[in-house]
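Colleague: I would like to see how this sequence folds:
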Amino acid sequence: MLQLMRTADGSHTIFNSEIGESYHSKHGAFQESIHVFLNNGLKHFLLTTPSSHVAILEVGLGTGLNFLLSANYCLENKIKLDYIGIEAFPLNSTLISQTGYDAYVSPCIWQSYIENYSQSLLKKIALNNYCTLTTAQVSLFDFKSDQRFDIIYFDAFAAVHQPEMWSDTALQHASQFLNPGGIFVTYAITGNLKRSFKSFGFDIEKIPGALGKREMFRATRFQ
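Modeller: Numbers count the residues shown, from 1 in each chain. Next up is the predicted model:
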């Protein structure tokens, strides 16, 4: 069962009672997305690799908050964004529309997302002149693409609930889609995560985490 839940910073998330896990941090959905994915993902990449075009692959699209914040930033800064979100169990747009995320992005981004979300399950959708969205309704293990990405947002449920998503097999499958110089970023950090990416030949970083998390993880592909 899915239900709307208010987090500590006033923003909402979705709680999945079947697995006992929410889609975002209980300490704040908005602050987590801003800190982990926008600031330490997209903005970091563009600071180190200035570009007018960026391709992002998200593992665990969920409510689309990470996408919305990224799309809003790219629109404001006139950066082309090609975004694919892997989501094996897509939420319905009615539930997403109740999250209140329209408070954090421009009206044109929000309206276009809500109106076109269901179509993005079928094909790539242009939400505006700068942003496209594709929702891949498959598991990570079944995701295939010839495209390579500049950034991977890894936003799967926690390892205690979805251990298979944090296995070497899953991490290696995801990381193969990164361009050289691309970054992998996630809200969590574990010994296995660090060992895995070291073995893949990535440069790894421990970064102060979002509220409620001591540290988070970022890795850069150099091969």
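Colleague: contacts only, for E205.
Modeller: F217, R218, A219, T220 (C-beta atoms under 8 Å, 6 or more residues apart in numbering). In this view, the C-beta of every residue, glycine as well, is placed from N, C-alpha and C.
Colleague: and the helices in this protein?
Modeller: Under the criterion DSSP state H, the chain contains helices at 29-32, 44-48, 65-76, 93-97, 107-120, 168-175, 191-199.
Colleague: coming back round to it: what is the nearest of the contacts of E205 to W110?
Modeller: The shortest separation between W110 and any of those is 28.2 Å, and it belongs to R218 (by C-beta to C-beta).
Colleague: where's L42 relative to P180, distance?
Modeller: 18 Å (C-beta to C-beta, to the nearest Å).
Colleague: also T186?
Modeller: Relative to P180, T186 is positioned 20 Å away (C-beta to C-beta).
Colleague: of the two, which one has the most company?
Modeller: More neighbours surround T186 than the other of T186 and P180, with 25 against 9 (other C-beta atoms under 10 Å).
Colleague: ok, which of the helices of the chain comes nearest G20?
Modeller: helix 29-32 (17.0 Å).
Colleague: list the contacts of G85.
Modeller: By C-beta under 8 Å, 6+ apart, the contact set of G85 is L57, E58, G60, L61, G64, F67, L133, T134, T135, A136.
Colleague: only alpha carbons, please: show stretch 181-194 as CSV.
Modeller: Output in CSV follows, covering the C-alpha atoms of stretch 181-194 (Å, rounded to 0.1, in the frame of the first residue of the first chain):
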residue,chain,number,x,y,z
GLY,A,181,34.5,11.2,-16.6
GLY,A,182,30.9,10.5,-15.6
ILE,A,183,29.8,10.3,-12.0
PHE,A,184,27.8,7.9,-9.9
VAL,A,185,26.1,9.5,-6.9
THR,A,186,23.9,8.1,-4.1
TYR,A,187,22.6,9.0,-0.6
ALA,A,188,24.2,6.0,1.1
ILE,A,189,27.7,4.7,1.7
THR,A,190,28.7,1.2,2.7
GLY,A,191,31.9,-0.8,2.7
ASN,A,192,30.7,-2.9,-0.1
LEU,A,193,29.8,0.2,-2.2
LYS,A,194,33.4,1.5,-1.8
